[in-house]
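K.L.:
Have a look at this prediction, sequence included:
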Amino acid sequence: MDAVAHPPSIRRKGSLPVVAICFASIVFDGYDLIVYGSVVPNLLADKSWHLSPAQVGAIGSYALMGMLIGALVAGVITDIVGRRKIVIASVTWFSLAMILCALAPSPELLGLFRFVAGLGLGGVVPTAIALTVEYAPKERRNLYNALMYSGYSVGGILAAVLALTLLAEHGWRLMFWIGAAPLVLVLPLAVRYLPESAGFLLARGRRAEAEALAARYGLTLDESAAGESGAERGPATRTRSIAVLFRRENLAATALFGAASFCGLLLVYGLNTWLPQIMRAAGYPLGSSLQFLLALNLGAIVGTILVSFLADRVGSKIVTVGAFLAATLCLYLLSLRLGTGVLMACVAVAGLGSVGTQILVNGYVATHFPASVRATALGWSLGVGRLGAILGPLLGGWILGSGLGVEWNFYAFVLPALLGAVFIAAVPRMRAGRAATGLARRETAGGSTAHPEEQAGHRNTRVRGN
């Protein structure tokens, strides 16, 4: 493998450009989702459309329905076309859809265009995470991934700041026009500088290209994929992995992680959609209510980075439960008429307890299950969670339009936060011996030898933090 070492003709590159492009893509992914929450008060006040809170909530959920479908489609075709093309196509797709949203002549078409935008948005997150983890330094993968994914909350901050400065004078349509900015700010950079996944190239039999990327970026190739195309390995691998997840010894954890993700994403999208309008209903002016959206996403960024360090040291389980409980307490305090400073602090902690908690759940899933089923476990957890993401805007709209007191707008999110803590606390400890027993049982039943990577995954499953 001397040829793979760094030839004089190849100048070694760092991973920063890859992570930066993925970060920028996630920033606008977050902006295009969260911007809807910043314009909800304006949509409700638009006398030409006569929208009710329930209708506005339904429109907010359409993008999330599209995301669910988009993520599934991207997962199917990424083994065929590659991760680089998925990122480029997704960014182009949702940017064009935002132009359609800005031009929507009716609520029905706005809902349709939000759904279309969601199809593109759904392909960005899993693909950006995969590329970031692959190209990040091995000893800093969790940190790089947390920093990259913080782009979602940066997008939320961008939406809140622009709404504060532009919404009153220019109206809600301009906010959607800004969502098309990736066509000129991100897309050219992705086309020029974003490399393909070396693992994808190796799996497709394009070893020379994979080795060239490995030499240029200092990657270690996963030889387990060599000689197998994505089409050849995909269905069999996914079927086997799904079977492992739903075995008796893993069934409880699989179900509980899915339920926790449901609660976590319900909080993320419910709060980002409805918090400005909820605060207006509580008596705050539009500018102040948008400041709460800003605090929510600032809290998510700072809090997520801090608790990610903490989770690496004391374990994912206790930190994730604590984050859910912190969100529970702070959402309850928001129902009280406290001082603005205290409320801002509570909103910031609620940002940690929503966006940050979901990132912690994802990390807990990744360390709980063996490496051989990690991707499938994450896909299952986030797939169930997307149902909560769809329900969040609907729930907020229904509560707001129900005529109940303002405090019920917060109580509706207190229960999912509390349930999320209960679900994570109930996840059983994954013992290496139990995992190995299950693997041996399958080898005996199937008469085959497990892949070395799978054996290593079972041996290295961490007990700490489970």
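P.N.:
Ah, there it is. Being a predicted model, the structure only gives us computed values, none of them experimental.
K.L.:
C-alpha only now, for contacts and for neighbours.
P.N.:
Fine.
K.L.:
I'd like to know how many residues surround residue 340.
P.N.:
The local packing of residue 340 (other CA atoms under 10 Å) involves 12 other residues.
K.L.:
middle-most residue in this structure, spatially?
P.N.:
residue 125 (5.8 Å; CA atoms, centre = their mean).
K.L.:
residues in contact with that one?
P.N.:
By CA atoms under 8 Å, 6 or more residues apart in numbering, residue 125 lies in contact with residue 26.
K.L.:
Also residue 103?
P.N.:
Neighbour list for residue 103: residue 173 [criterion: CA under 8 Å, 6+ apart].
K.L.:
What separation do you get for it and residue 122?
P.N.:
The spacing between residue 103 and residue 122, counted by CA to CA, to the nearest Å, is 22 Å.
K.L.:
show me where the stretch 301-450 of the chain has helices.
P.N.:
In the stretch 301-450 of the chain, the helices defined using DSSP state H, counting those that start in this stretch lie at 316-334, 340-351, 357-368, 374-400, 407-425, 432-446.
K.L.:
Reformat the ones you listed as a markdown table; add mean pLDDT and distance to residue 213.
P.N.:
Below are the helices of the stretch 301-450 of the chain laid out as a markdown table (pLDDT from 0 to 100; distance: least, CA to CA, whole Å):
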| stretch | mean pLDDT | distance to residue 213 |
| --- | --- | --- |
| helix 316-334 | 90 | 33 |
| helix 340-351 | 86 | 38 |
| helix 357-368 | 80 | 26 |
| helix 374-400 | 81 | 23 |
| helix 407-425 | 91 | 39 |
| helix 432-446 | 43 | 34 |
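K.L.:
okay, the ones you listed in TSV with distance to residue 188 next?
P.N.:
Listed next are the helices of the stretch 301-450 of the chain as TSV, based on distance: least, CA to CA, whole Å:
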stretch	distance to residue 188
helix 316-334	38
helix 340-351	32
helix 357-368	29
helix 374-400	30
helix 407-425	40
helix 432-446	46
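K.L.:
so which of those helices comes closest to residue 118?
P.N.:
Set against residue 118 and scored by CA to CA, the helices of the stretch 301-450 of the chain come closest in helix 374-400, at 11.3 Å.
K.L.:
Against which helices or strands is that closest one packed?
P.N.:
With contacts taken as 3 or more CA pairs under 8 Å, 6 or more residues apart in numbering; DSSP states H and E, helix 374-400 sits against helix 53-81, helix 230-245, helix 248-281, helix 357-368, helix 407-425.
K.L.:
Of those, which is nearest residue 217?
P.N.:
helix 53-81 (21.4 Å).
K.L.:
In terms of secondary structure, what does that closest one contact?
P.N.:
Judged by 3+ CA pairs under 8 Å, 6+ apart, the packing partners of helix 53-81 are helix 16-45, helix 107-121, helix 230-245, helix 374-400.
K.L.:
Please produce JSON lines containing these, extended by mean neighbour count and distance to residue 262.
P.N.:
As requested, the helices and strands packed on helix 53-81 are exported to JSON lines (neighbours: other CA atoms under 10 Å; distance: least, CA to CA, whole Å):
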{"stretch": "helix 16-45", "mean neighbour count": "24", "distance to residue 262": "18"}
{"stretch": "helix 107-121", "mean neighbour count": "24", "distance to residue 262": "18"}
{"stretch": "helix 230-245", "mean neighbour count": "15", "distance to residue 262": "18"}
{"stretch": "helix 374-400", "mean neighbour count": "23", "distance to residue 262": "4"}
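K.L.:
Minimum distance to residue 305: which of these has it?
P.N.:
helix 16-45 (14.8 Å).
K.L.:
In terms of secondary structure, what does that closest one contact?
P.N.:
The helices and strands touching helix 16-45, judged by 3+ CA pairs under 8 Å, 6+ apart, are helix 53-81, helix 124-135, helix 141-149, helix 151-162, helix 172-178, helix 187-193, helix 248-281, helix 286-314.
K.L.:
got JSON lines for those, with distance to residue 369 too?
P.N.:
Shown next, in JSON lines, are the helices and strands packed on helix 16-45 (distance: least, CA to CA, whole Å):
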{"stretch": "helix 53-81", "distance to residue 369": "20"}
{"stretch": "helix 124-135", "distance to residue 369": "17"}
{"stretch": "helix 141-149", "distance to residue 369": "16"}
{"stretch": "helix 151-162", "distance to residue 369": "26"}
{"stretch": "helix 172-178", "distance to residue 369": "40"}
{"stretch": "helix 187-193", "distance to residue 369": "33"}
{"stretch": "helix 248-281", "distance to residue 369": "9"}
{"stretch": "helix 286-314", "distance to residue 369": "16"}
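K.L.:
Lowest average confidence across the ones you listed, which one?
P.N.:
Lowest mean pLDDT of the helices and strands packed on helix 16-45: helix 141-149, a mean of 76.
K.L.:
Quick check: buried residues in that one?
P.N.:
By neighbour count with 16 or more other CA atoms under 10 Å, helix 141-149 contains the buried residues 142, 143, 144, 145, 146, 147, 148, 149.
K.L.:
now what about it, what contacts it?
P.N.:
Residues outside helix 141-149 that contact it (CA under 8 Å, 6+ apart) are 19-20, 22-23, 26, 129, 132-133, 136, 304-305, 308, 359.
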